[in-house]
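In: Predicted structure and sequence below. I'll ask about it afterward.
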Amino acid sequence: MGNSTFFKLVCVDENDVFEYKVLEDVNKATLDEVHIFVEQNIHKHKNAKWLLLPCEVALKTKN
């Protein structure tokens, strides 16, 4: 059994006190991919929060 790691990147607008708005929600394989995505999109969402969540998934192998 092996593990696979990826990064969930979420951009959230918290300016509305009644509702959070998810502006971006993507999965990236590497931190380099995360960096490129943020560089390309950070200008679109002024005053938003970016959340980076490392995720690990256990992979089952067939016997």
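Out: Looks like it came in fine.
In: Do a quick rundown of the helices in this protein.
Out: 31-41 (DSSP state H).
In: where exactly do the strands run in it?
Out: 2-13, 21-28, 49-59 (DSSP state E).
In: Can you add mean pLDDT and distance to residue 35 and give those strands back as JSON lines?
Out: Every C-beta, even on glycine, is put in place using the N, C-alpha and C of the backbone. JSON lines is the format used below for the strands of the chain (pLDDT from 0 to 100; distance: least, Cβ to Cβ, whole Å):
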{"stretch": "strand 2-13", "mean pLDDT": "92", "distance to residue 35": "10"}
{"stretch": "strand 21-28", "mean pLDDT": "96", "distance to residue 35": "9"}
{"stretch": "strand 49-59", "mean pLDDT": "92", "distance to residue 35": "10"}
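In: The closest residue to residue 49 other than its chain neighbours: neighbour count?
Out: Leaving out its chain neighbours, the residue that sits closest to residue 49 by Cβ to Cβ, 6 or more residues apart in numbering is residue 12, at 5.1 Å. Neighbour count for residue 12, taken as other Cβ atoms under 10 Å: 16.
In: do residue 9 as well
Out: Residue 9, neighbours per other Cβ under 10 Å, totals 19.
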